[in-house]
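Student: here is my input; please provide its structure:
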Amino acid sequence: MPDAAAPPPSLHKPRRRRLSREEKARLTRGSLLNAGCAVVAAEGYAAAAVAKIADQAGVAHGTFYNYFEDRQALFDELLPYEGLRMREAVERVARNVPSGMEREIVRFEAFLNYVIENDGFYRILYESEIFAPRAHSAHMANIVEGYRRTFGRAMREGWMRALDARQVDCLIYQLLGIRAYSAMQIHYAPDMAARRALRDAAVETYRLLTGASLKVSPEAGA
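Tutor: Numbers count the residues shown, from 1 in each chain. Down below sits the predicted model:
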């Protein structure tokens, strides 16, 4: 006798797990932050009305106020939120590079690539100093503290000159100045080819400057 026919596969798709209330709230809040980034990137903080942000997020206007007291409350979170994504993108590239000056060069290039690939990041970052100063301060504190850890480790491992705490902070802000103005130059370049050419030139110049100022000299005996 022929084998009995195998039962047909189920015609019903498996049910997707229903999200909990907390998961839905987290997703909605994330959608509003992403929408805020998109609207500010396109139009600036001054034009980023609550209605525009809610529409961009695909939620009712009143829903916005379930998550943020007003638009300033959202502004105060935008840059740390977007800054975290930037830092994660940079570290994904840099973590595969051995410690030393080359890792700092790679971080700098990855930052400029983020500026190139995320056109609105520059506007979110530099308008925040006026429209969301608390967010700007929080973002800068995160960046500075990351540099302090990096340079502390670098001095302990001997690939960077020994500096006191005040010198370290001065160096950090000088390097941040290089980042800021390189990002500005790239942001206002006329086209993608010009941006990439400026990035390459900036990275090579950064290599020369930091190699001269940070690298331990043979005479240092490190």
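Student: what's near enough to touch the nearest residue to Ala138 once chain neighbours are set aside?
Tutor: Spatial nearest neighbour of Ala138, excluding adjacent residues (C-beta to C-beta, 6 or more residues apart in numbering): Pro80 at 5.1 Å. Placement of C-beta: from N, CA and C, glycine included. Contact partners of Pro80, counting by C-beta atoms under 8 Å, 6 or more residues apart in numbering, are 135, 138-139, 142.
Student: which helix or strand contains Pro80?
Tutor: helix 71-94 (DSSP states H and E).
Student: how about that helix: buried residues?
Tutor: If you call a residue buried by 16 or more other C-beta atoms under 10 Å, then helix 71-94 has these buried ones: 71, 74-83, 86-87, 89-90, 93-94.
Student: picking up where we left off before, the contacts of Pro80 into TSV, with extra columns for distance to Leu125?
Tutor: Putting the contacts of Pro80 into TSV (distance: C-beta to C-beta, whole Å) gives the following:
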residue	distance to Leu125
Ala135	10
Ala138	12
His139	7
Asn142	12
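Student: which one among those residues gets closest to Met101?
Tutor: For Met101, the nearest member of those is Asn142. The distance, counting by C-beta to C-beta, is 22.5 Å.
Student: residues in contact with the closest one?
Tutor: Contacts for Asn142 (C-beta under 8 Å, 6+ apart) come out as 80, 83-84, 87.
Student: relative to Arg134, how far out is it?
Tutor: 13 Å (C-beta to C-beta, to the nearest Å).
Student: do Met160 as well
Tutor: Looking at Met160 against Arg134, where the rule is C-beta to C-beta, the gap reads 32 Å.
Student: more neighbours: which of the two?
Tutor: Summary of the neighbour comparison: Met160 and Arg134, criterion other C-beta atoms under 10 Å, with Met160 having more neighbours (25 against 14).
Student: before we move on, back to that, pull the most distant pair out of the contacts of Asn142.
Tutor: Pairwise over these, using C-beta to C-beta, the maximum falls at Pro80 and Arg87, 10.1 Å.
Student: for this structure, which spans come out with low pLDDT?
Tutor: Applying pLDDT under 70 to the chain picks out residues 1-16, 212-222.
Student: where along it do the helices fall?
Tutor: Chain-ordered helices for the chain, with DSSP state H as the definition, fall at 21-43, 50-57, 61-64, 71-94, 101-117, 121-131, 133-157, 165-187, 192-213.
Student: the residue nearest the centre of the chain and Val168, how far apart?
Tutor: Centrality entry for the chain: nearest residue to the mean C-alpha point is Met86, 1.5 Å, by C-alpha atoms, centre = their mean. Computed with C-beta to C-beta, the distance linking Met86 and Val168 is 22 Å.
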